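>>> Turn this into a model:
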Amino acid sequence: MKLLRKYAPKDRPLLLGMGISLMGSLPLGYINVISLQVLTEQGKWASLFFIAGIITIQFFVLNFVSKMALWLVNQKKLLTAIDLFTFVFLLFVGIYFLTDTINNNKSSTLSDFKLAQYPFFLAVFLNGLNFIQWPYWAGIYSYLFRSEILLKTKKSNTRFIFGAVLGTTLGMLFFAHVGNFILMSSKINLSNFMNLFFSVLFLTLALVKAIKITVKLNFTSNRRVV
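Sure, this is the predicted structure:
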């Protein structure tokens, strides 16, 4: 956050939103990996429709959170419930892919799922389940408002949201196309490793989330004792 305060373009909310969202969309995550798989299996147009579905949900979340950010970050029980749901979701999906890996020699591909025929709706479904983005953006907004990096005006917020949507789009396009280039250059068939990869990815994310929940609960308990 100190770096954000130091380098954030205060008078350019579009660039501010784009920068924050771009940094958030580039790290390895299951949505980026699925976006890569959509590109490799169904082509560029399907990949664009998938990204369109992702940013549609993000646009809705940002519009809502921008109005409720200061309230949401103070709802400790709600945030804890979101964390627990996210942990259970990640753990369940990780175990599903691990079980599928153990019981089957063939990895699942997108074509095995009916919803994958409609990349836009697949993205809406997946990002709709991505509840962790609510407290994430609430925390970002709360900090930006309180530090006055982002003005509480409709004009500034609208530009920030469009910047965030643009940043997510660019980040996902970069990840998918660079990943596709690497796979094609190395002649790796992504579908052969998807089950194992997703099981490791989701279980790792679940472990990280469990650690964060434990640390947060211990910190809250210690503050009450003090």
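>>> Please enumerate the helices of the protein.
2-7, 13-25, 30-42, 44-72, 76-103, 119-128, 133-146, 154-186, 194-225 (DSSP state H).
>>> Please convert those to CSV, extending it with mean pLDDT and mean neighbour count.
In this view, the C-beta of every residue, glycine as well, is placed from N, C-alpha and C. Listed next are the helices of the chain as CSV, based on pLDDT from 0 to 100; neighbours: other CB atoms under 10 Å:
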stretch, mean pLDDT, mean neighbour count
helix 2-7, 53, 10
helix 13-25, 86, 21
helix 30-42, 84, 20
helix 44-72, 89, 18
helix 76-103, 78, 15
helix 119-128, 91, 19
helix 133-146, 83, 19
helix 154-186, 88, 17
helix 194-225, 73, 14
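>>> residue contacts, Leu166?
Applying CB atoms under 8 Å, 6 or more residues apart in numbering to Leu166 gives the contacts Leu14, Gly17, Met18, Ser21.
>>> Please repeat the previous calculation with a cut-off of 10 Å.
Remark: with contacts taken as CB atoms under 10 Å, 6 or more residues apart in numbering, Leu166 is in contact with Leu14, Leu15, Gly17, Met18, Ser21, Leu22, Ile55.
>>> I figured the first one hits Leu150, correct?
Just to be clear, that refers to Leu14. No. Leu14 lies out of contact with Leu150 (CB atoms under 10 Å); the separation is 11.1 Å.
>>> Now the common contact residues for those two.
Taking CB under 10 Å, 6+ apart as the criterion, Leu14 and Leu150 both touch Ser156, Arg159, Phe160.
>>> nearest to Leu144, of these?
Using CB to CB, Phe160 comes nearest to Leu144 of the shared contacts of Leu14 and Leu150, at 8.0 Å.
>>> correct me, but that closest one touches Phe59?
No. Phe160 lies out of contact with Phe59 (CB under 10 Å); the separation is 11.7 Å.
>>> can you list the contacts of Leu166 in TSV and add distance to Val178?
TSV is the format used below for those (distance: CB to CB, whole Å):
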residue	distance to Val178
Leu14	24
Leu15	23
Gly17	23
Met18	19
Ser21	18
Leu22	14
Ile55	19
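>>> now for the residues you listed, which pair is the farthest apart?
Leu15 and Ile55 (17.4 Å).
>>> Isn't Leu205 up against Val93?
Yes. Using CB under 10 Å, Leu205 is in contact with Val93, at 9.2 Å.
>>> what's the overlap in contacts for those two?
Contacts common to Leu205 and Val93, judged by CB under 10 Å, 6+ apart, are Tyr30.
>>> Ile161 - nearest residue in space that isn't next to it in sequence?
Sequence neighbours aside, Leu62 is the residue nearest to Ile161 in space, at 4.6 Å (criterion: CB to CB, 6 or more residues apart in numbering).
>>> The one you found contacts Gly17, correct?
Yes. Here Leu62 reaches Gly17: they are 8.4 Å apart, a contact under CB under 10 Å.
>>> Find the residues that touch each one of those two.
Joint contacts of Leu62 and Gly17 (CB under 10 Å, 6+ apart) are Ile140, Asn157, Thr158, Phe160, Ile161, Phe162, Ala164, Val165.
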